[in-house]
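K.L.:
Predicted structure and sequence below. I'll ask about it afterward.
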Amino acid sequence: MENARPLPTFLIERYRLWQARVATKGRAHLAALANDGQRPRAMIIACCDSRVMATAVFGGEAGDFFVHRNIANLVPRFTPDSAVRGTSATIEYAVTVLKVRHLIVMGHHGCGGVAGCYDLMSGHENAPPADSFVGRWLTILEPGFDRVAALGLPRAEALRALEHQAILVSLENLIEFPFVAAAVAAGRLQLHGIWKDISDGDLDFYDATTDSFHDV
């Protein structure tokens, strides 16, 4: 592949530092995972944002979590067609093959994807083009935007509310997947929503009984 280039020096240096850290106990753990396969208890659906350390907040190590990341941690609606659907395929694998016990949607403070959705739905000039990959993806969050828009909040408060809605819309869409619904009904799977403040590391969880987010 003529367009591929060697790794840059800074990545090679960081790799060598990582290798030095796992040279003892860590390497044995990795070898066991390679030989025995993965058995994660939980899946996390998180945003691609480089500031969101999705597994670090739980002290995650190799083998602990099955992770999928996309823009604004969104789960699309269940659409059984012939299109290639990466997020849906990842969820299917986690639930039906790995049989994870917990499926967590993690939103976060300052989400650029959520802000992009807000601007797109508001007709802001700096919004992503509606016909772009990003623009089309963000329409998944349109039901959440409609709920927030009805509240008439200032922009900063509306963005925080929409970050929560990105979690809730994804949870609503998850239960539309038949294999998710069946696992939940059988008590084999629990769904969770959490929101992380990347400015201070605080974590909130969604409580369905009060329909609100609370500090962990």
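P.N.:
It's in.
K.L.:
Now do the strands in the chain.
P.N.:
42-47, 65-70, 102-108, 190-196, 203-207, 212-215 (DSSP state E).
K.L.:
May I see those organised as CSV, with distance to residue 92 added?
P.N.:
(C-beta placed from N, C-alpha, C; glycine too.) Listed next are these as CSV, based on distance: least, C-beta to C-beta, whole Å:
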stretch, distance to residue 92
strand 42-47, 11
strand 65-70, 11
strand 102-108, 12
strand 190-196, 15
strand 203-207, 23
strand 212-215, 28
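K.L.:
May I see those strands arranged in TSV, with mean neighbour count, distance to residue 7 and mean pLDDT as well?
P.N.:
What follows is the strands of the chain, written out as TSV (neighbours: other C-beta atoms under 10 Å; distance: least, C-beta to C-beta, whole Å; pLDDT from 0 to 100):
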stretch	mean neighbour count	distance to residue 7	mean pLDDT
strand 42-47	24	25	98
strand 65-70	19	21	98
strand 102-108	24	29	98
strand 190-196	20	30	98
strand 203-207	16	34	97
strand 212-215	11	40	95
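K.L.:
for these, which one sits closest to residue 20?
P.N.:
strand 65-70 (24.1 Å; C-beta to C-beta).
K.L.:
Could you pull up the residues touching the residue positioned nearest the centre of the chain?
P.N.:
Ranked by distance to the mean C-alpha position of the chain (C-alpha atoms, centre = their mean), the top residue is residue 46 at 1.8 Å. Residues counted as contacts of residue 46 (C-beta atoms under 8 Å, 6 or more residues apart in numbering) are 52, 54, 67, 68, 69, 73, 106, 108.
K.L.:
pretty sure the third one is touching residue 42, no?
P.N.:
Read that as residue 67. No. The pair residue 67 / residue 42 is not scored as a contact, 9.5 Å apart, by C-beta atoms under 8 Å.
K.L.:
And for the residue nearest to residue 141 when sequence neighbours are not counted, the neighbour number?
P.N.:
Once flanking residues are discounted, residue 141 sits nearest to residue 117: 4.6 Å by C-beta to C-beta, 6 or more residues apart in numbering. Residues near residue 117, counting by other C-beta atoms under 10 Å, number 31.
K.L.:
Run the chain-centre distance for the helix or strand bottoming out on mean pLDDT in the chain.
P.N.:
Here the helix or strand of the chain ranked lowest by mean pLDDT, DSSP states H and E is helix 25-36, holding a mean of 85. Put simply, helix 25-36 sits 26 Å off its chain's centre (C-alpha atoms, centre = their mean, to the nearest Å).
K.L.:
what does it contact?
P.N.:
22, 61, 62, 63.
K.L.:
What are the structural domain limits within this structure?
P.N.:
Following automatic domain parsing, the chain resolves into domains at 1-37, 39-215.
K.L.:
Please identify the deepest-packed of the ones you listed.
P.N.:
When neighbours are counted by mean count of other C-beta atoms under 10 Å, the highest per-stretch mean among the domains of the chain falls to domain 39-215, a mean of 17.
K.L.:
what about it, how long is it end to end?
P.N.:
29 Å (C-alpha to C-alpha, to the nearest Å).
K.L.:
Same question for stretch 61-75.
P.N.:
25 Å.
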